[in-house]
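S.K.: the following block contains a protein sequence and its predicted model.
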Amino acid sequence: MGARDRGMEVIAIVTPADQDIPAAAEVIAAGEIFQRYGVDRERAERNLRGSSDEVLIARVGDEVVGVAVFRIDGRLPVPAYLHNLAVKPEWRSRGVGSRLLRAVEERAFASGPNLFLYCTKDNHGARRFYEREGYQVVGEVPDLLLAGITEVLYRKTIGPIRGWKSTE
């Protein structure tokens, strides 16, 4: 998908090889929010290996520093949904999340005009990130995954469904 220089770092966004999956699972499991939902490294790896979703990783050299898990199935009105976006804590605020998100958006907007995601209401850093990236709040869904936790549904759009033309 490409790379970007940021100082001395080159961030490459690629489809993971089989040997990248354990490192991608570590990135997910390191996230506080995923831990809240009981996602440890083993569960994250099982999910990555058993999923029909698409996966992209961010790599700097040989190190996996971020992962995005998403689906694009072409069914309107929700043709694209971002399940997970995770970046190693020490790599946050260094362009990794933005690069992963751009790669997902590129794929998503080739299939439809909307990309959706959920973010836990009290995950303020992630919410600021998505809002800076142009995502708008659609609504709140209490107790979606766990009792007592409210998820916020976000949407980024490039236009209405009616009249939209696929670029694929």
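M.R.: Nice, I can see it. Numbers count the residues shown, from 1 in each chain.
S.K.: in the protein, what spans have low per-residue confidence?
M.R.: Across the chain, the ranges flagged by pLDDT under 70 are 1-8, 74, 76-77, 167-168.
S.K.: show me what whichever helix in it runs longest is packed against.
M.R.: Ranked by residue count, the top helix of the chain under DSSP state H comes out as helix 96-111. Contacts defined by 3 or more Cβ pairs under 8 Å, 6 or more residues apart in numbering; DSSP states H and E place helix 96-111 against strand 9-14, strand 54-60, strand 63-72, strand 80-87, strand 114-120. Quick note: C-beta positions are derived from backbone N, CA and C, even for glycine.
S.K.: among those strands, which comes closest to Arg36?
M.R.: strand 114-120 (7.6 Å; Cβ to Cβ).
S.K.: list the contacts of Phe116.
M.R.: For Phe116, the contacting residues are Val78, Ala80, Tyr81, Leu82, Val138, Leu153, Tyr154, Arg155, by Cβ atoms under 8 Å, 6 or more residues apart in numbering.
S.K.: and these, which are buried?
M.R.: Among these, those scoring as buried are Ala80, Tyr81, Leu82, Leu153, Tyr154, Arg155 (criterion: 16 or more other Cβ atoms under 10 Å).
S.K.: could you export those residues as a markdown table, including distance to Val10?
M.R.: Listed next are those as a markdown table, based on distance: Cβ to Cβ, whole Å:
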| residue | distance to Val10 |
| --- | --- |
| Ala80 | 27 |
| Tyr81 | 29 |
| Leu82 | 24 |
| Leu153 | 34 |
| Tyr154 | 29 |
| Arg155 | 32 |
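S.K.: biggest separation within the residues you listed, which pair?
M.R.: Ala80 and Leu153 (13.5 Å).
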